[in-house]
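Engineer: based on what follows, work out the 3D shape:
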Amino acid sequence: MTDNRANELSFSLIEEKVGEIWRNVLDVPDEMADATFFDLEGESISAIRIVSRIEDELGVEIEVGDLFEEDPNLGALVLRVAAAAKVSSLA
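Structural biologist: Residues are numbered from 1 along each chain as shown. As a prediction, this is how the structure comes out:
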């Protein structure tokens, strides 16, 4: 579920904000931006913090389990958030 803010999101804004949240919570240096959640030593608390901040800052609800699905990296998370917000990646 999403709130009204999600209707105003563009793919580039989602990409920017989710990347900022990911790097901040996981303390990711730029050279490791493509590493997986697990490579970055992500744990359940950091997953909860990421999901919570995405909801707080973007108004988009995703499940904590979305971080652990097939490809647990930043790019895949951005796509999941965009899908939850019903934003086309072409926008």
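Engineer: and the pLDDT for V28?
Structural biologist: On the pLDDT scale, V28 is placed at 88.
Engineer: thought it was touching A35?
Structural biologist: Yes: under the criterion of C-beta atoms under 8 Å, V28 makes contact with A35 at 7.2 Å. To be clear about C-beta, it is placed using only N, CA and C from the backbone, and glycine gets the same treatment.
Engineer: just the helices in this protein please.
Structural biologist: With helices called from DSSP state H, the chain shows them at 11-26, 44-58, 74-84.
Engineer: out of the ones you listed, nearest to D66?
Structural biologist: D66 sits nearest to helix 74-84 of all the helices of the chain, at 4.9 Å, using C-beta to C-beta.
Engineer: so what's D71 up against?
Structural biologist: T36 (C-beta atoms under 8 Å, 6 or more residues apart in numbering).
Engineer: and it, how far from V18?
Structural biologist: D71 is 14 Å from V18, where distance means C-beta to C-beta, to the nearest Å.
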